[in-house]
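Asks: Task: produce atomic coordinates for the following.
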Amino acid sequence: MTKSIIKTASLALILICGLSLSATAQQILIDKPVRAGELTLFPDLNNENIYYYIPDKARLATDANGRPQFSFLRYVENKRSGADQPEDREGDGGGIVHAVVSLSVTPEQLQEASRELKRLKPQAQVQGPVIYKSGRFGLVSSFKEANGAFTTKVLGLGVAPILDGGKAAVSIQLTKQGAKILWESFKTRTPDITFSFEMDLAGFRSPLRAEIEANFDQIYQHQSFGVGIASAYLAAEIKAAFDDLRRQGAIKVTQVGSDDKIEALITTAYNKLTDMMFNPSGGTGTPSLESLVGGGNSGAGLLDRASAMLARNREETRTENEAIRRENRENEENRRREEESRRAQTPGNQTTIATGNAAPGSQSTTTDQSTVASGNGATPPPAQGPMGYSRRPQNLGGEHANTAQPTDPPSGGSGTMPRQETATPSFAVIATYEMKSVRQRGVFKIDLNKYTADNLTLRFDENIGDLRSLMANNEHFREVSLDDPLFRQREIVATLDGLNAKDFDKFINFVTVHLRKQHASGEVTDDDERIDRANFNRQGNNFKLLYGWKGDRDRRRWSEYEYQTEWSFFGGHTVTGPWQKATAPAISLNPPYHRRTVELQADPDTIRAAEIRSITVKIYYELGGVEQVREATLNASKAQLSQAVEFVLPANEFNYQYEVVWQLKGNRTLTARRKTANGAVLFVDEPPSN
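Replies: Below you'll find the model as predicted:
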């Protein structure tokens, strides 16, 4: 590949990709959701009457003929036992599940939400869907352990659609036992398989009188981060390490006033630190196929680690809920005793008991102290607290979260509110990260008394639904025997990682993946698949390459093959990747670039002292030797002193340059010379003195 081709292709990529990045121009307040009908809405930062809805209705996608895009292949491979071994009554085998899912809302749901929003706020209107920053989804089911107990496991992972109506695919390889259980489960009305989504939403949080402080020298010494740069970290593992560091004092979250926002502050702090210390694996946070089954900093596969964390979280939740129930019973008993004692010590304090509940022959004494109704009176409804968005527990790390609303204290008691039980977590966060090669140093501080750019992870789940009517159709459910080598073939599923159909409108013509298999006989099988917008939509990001059996007596070697990708960008320019060896039944295709986000931060007190009106930041970066620029402005008059800037860089490149211009009172300006950086956060509130 010549240098000029790379240069021209990269230039074409960034020019067109600027269009796609404009979709992130939505500026929404992620801490002020509104529930309208079946939808959750978020307000616009700059216009309180504009709202955007969350596409959170998951379902199996359908093809052009209305058929569900789902298949379940169960296979068996006969095997012969050795002379010194007991007779085998079952062959080996397993299963492969493929599903295409869609996130969308119906016109009826949108109309209902618009009507409800108008009722709550007459001038408000629903502008359109929220565009997610990124997302992942997994398939979760229950499996039988060796001891006979059933446990919930994460079976497969995929990149979720980020646009309303978008599609995404996931393929799962099952063990023989897993395939058996799941096959039987599909014979029920509600099979035990669920889509669990984790969607990342970029936006702003309202100003809070709070400060985050983190000592990076202590953070990097934590045992979870000691294995270094090459390890893959689950988001849940990072969150657990940060929890431990907060208990040790290496991470501090300080708030002035009430602590009702403390959980949101902690999440914001963890998000900032994660952005500064880690990069999403593969640019999307979706694990590679190789890391799912083995590797990582614990030696176990990521699916096993996610499943183990889920089991641990559920056990901790059960233990915590038992303690909450005991505490509530004790508080209720203490409240009852205090009430009885108070009544006994108050002279003339009788209780009027409504007719019908009094015992026969008893005498009621009327006083002004209290009245207990017999069945008509009702305790006033509990006061509702601020609404938090989650169809399931939503918080970083998949840990349990108390999502219940506060209630009024029991009437006449000590005022102790009963604690609400914690919802049982259904999934462990499975975004994966790699530690950055350049480490942060010293103490990091950020003042949150301004509109602060942040991410919100939304979690929701949906059962796959009743598919019993499809089980007789071998296009969806199929059982095969792999006994005869002559008829054996192998399909390799290829999926685009981190892309959606809209990307083909903006910067990609097509992607071609080539497969090359050299057989034991010396013959070579070649196959290729071209992926463009038309077949991406039609096939739901599910493309198959094929080779057969040609004298391949060594079954292990038969699984080995090579593949190569070729990316064609707008303008007719091509980037061809190297041949890569693989054995996995699926290929994840990653584009030769990654999107980078840099957060601009300014301190309100510093801005006021320096009489700064606005700050304009230009970020410079190169693609193929051609310099590009992105610009953002922080507006002090609106307290908008935090903003995220997105741009693209070649894979494995993180350096960029920036320049800052300060607009001061009296139309004075100050400019800082261009500097080089690679961090995820830039502090731009210190103008030069001259």
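Asks: Count the neighbours of residue 490 for me.
Replies: Here the number of neighbours of residue 490 (other C-beta atoms under 10 Å) works out to 17. Every residue, glycine included, has its C-beta placed from N, CA and C.
Asks: from memory it sits against residue 559, does it?
Replies: Yes: counting by C-beta atoms under 8 Å, residue 559 is a contact partner of residue 490 at 7.4 Å.
Asks: quick one: which helix or strand includes the closest residue to residue 37 other than its chain neighbours?
Replies: Using C-beta to C-beta, 6 or more residues apart in numbering and skipping residues adjacent in sequence, the residue nearest residue 37 is residue 112, 3.7 Å away. Using DSSP states H and E, residue 112 sits in helix 107-120.
Asks: So residue 673 lies in a helix, does it not?
Replies: No: Residue 673 sits outside any helix when classified using DSSP: H, G, I helix; E, B strand; the rest coil, being strand.
Asks: Looks to me like residue 35 is in a helix.
Replies: No: counting by three-state DSSP, residue 35 is located in no helix; its state is strand.
Asks: Point out where the stretch 1-150 of the chain drops to low pLDDT.
Replies: Scanning the stretch 1-150 of the chain for pLDDT under 70 picks out 1-25, 78-91, 142-150.
Asks: And the helices in it, which stretches?
Replies: Under the criterion DSSP state H, counting those that start in this stretch, helices of the stretch 1-150 of the chain are mapped to 3-21, 107-120.
Asks: Kindly report the same for the chain.
Replies: 3-21, 107-120, 176-185, 216-219, 235-248, 262-277, 289-293, 302-345, 501-506, 533-539, 555-558, 604-609 (DSSP state H).
Asks: Name all residues that make contact with the closest residue in space to residue 589 that isn't next to it in sequence.
Replies: In space, and not counting its chain neighbours, residue 589 is closest to residue 496: 5.1 Å by C-beta to C-beta, 6+ apart. Going by C-beta atoms under 8 Å, 6 or more residues apart in numbering, residue 496 touches 511, 531, 536, 541, 589.
Asks: Would you confirm that the second one contacts residue 510?
Replies: Yes: under the criterion of C-beta under 8 Å, residue 531 makes contact with residue 510 at 6.1 Å.
Asks: more crowded one of these two?
Replies: Remark: of residue 531 and residue 510, residue 531 carries more neighbours, 22 against 17, as counted by other C-beta under 10 Å.
Asks: measure that one to residue 538 for me?
Replies: 11 Å (C-beta to C-beta, to the nearest Å).
Asks: Okay, the residue nearest to residue 37 and residue 53: tell me how far apart.
Replies: 11 Å.
Asks: Mind checking which of those two has more residues around it?
Replies: residue 53 (25 against 16).
Asks: Tell me if I'm right that that one and residue 130 touch.
Replies: Yes: using C-beta under 8 Å, residue 53 is in contact with residue 130, at 6.6 Å.
Asks: which stretches of the stretch 551-690 of the chain aren't confidently modelled?
Replies: Using pLDDT under 70, the stretch 551-690 of the chain drops low at 569-573, 594, 623-626, 690.
Asks: Where do the strands of it begin and end?
Replies: Applying DSSP state E, counting those that start in this stretch to the stretch 551-690 of the chain gives strands spanning 561-569, 573-576, 580-582, 586-589, 593-601, 612-623, 626-635, 642-650, 656-664, 668-677, 681-683.
Asks: by contact count, what packs against the fourth one?
Replies: So the one you mean is strand 586-589. For strand 586-589, the packing partners by 3 or more C-beta pairs under 8 Å, 6 or more residues apart in numbering; DSSP states H and E come out as helix 289-293, strand 489-496, strand 508-518.
Asks: And for the last one?
Replies: With contacts defined as 3+ C-beta pairs under 8 Å, 6+ apart, the secondary structure elements packing on strand 681-683 are helix 262-277, strand 593-601.
Asks: Find the centremost residue of the protein, please.
Replies: residue 198 (2.8 Å; C-alpha atoms, centre = their mean).
Asks: in the sheet, who's paired with the spatially closest residue to it that is not a sequence neighbour?
Replies: Leaving aside its sequence neighbours, residue 198 sits nearest to residue 136 (C-beta to C-beta, 6+ apart; 5.2 Å). Under DSSP bridges, the beta-bridge partners of residue 136 are residue 159, residue 198.
Asks: Number of residues surrounding residue 136?
Replies: With other C-beta under 10 Å as criterion, residue 136 counts 25.
Asks: same check, this time on residue 677
Replies: With other C-beta under 10 Å as criterion, residue 677 counts 15.
Asks: check contacts around it.
Replies: 598, 655-658.
Asks: ok, now residue 325?
Replies: residue 421.
Asks: redo that, cut-off 7 Å
Replies: Listed by C-beta atoms under 7 Å, 6 or more residues apart in numbering, the contact set of residue 325 is empty.
Asks: Point out where the stretch 201-350 of the chain drops to low pLDDT.
Replies: The model of the stretch 201-350 of the chain has pLDDT under 70 over residues 226-231, 257-260, 282-304, 306-307, 310, 346-350.
Asks: hmm, try it at 50
Replies: Scanning the stretch 201-350 of the chain for pLDDT under 50 picks out the ranges 229-230, 289, 295-298, 350.
Asks: List the buried residues of stretch 54-62.
Replies: When burial is assessed from 16 or more other C-beta atoms under 10 Å, stretch 54-62 yields the following buried residues: 54-58, 60-61.
Asks: who wins for proximity to residue 75 among the strands of the stretch 551-690 of the chain?
Replies: strand 586-589 (15.8 Å; C-beta to C-beta).
Asks: Alpha carbons only: can I get that closest one in PDB?
Replies: The C-alpha trace of strand 586-589 is given here as PDB (Å, rounded to 0.1, in the frame of the first residue of the first chain):
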ATOM      1  CA  ALA A 586     -16.600 -15.600  13.900                       C
ATOM      2  CA  ILE A 587     -14.500 -12.500  12.700                       C
ATOM      3  CA  SER A 588     -14.900  -9.100  14.200                       C
ATOM      4  CA  LEU A 589     -14.000  -6.400  11.600                       C
END
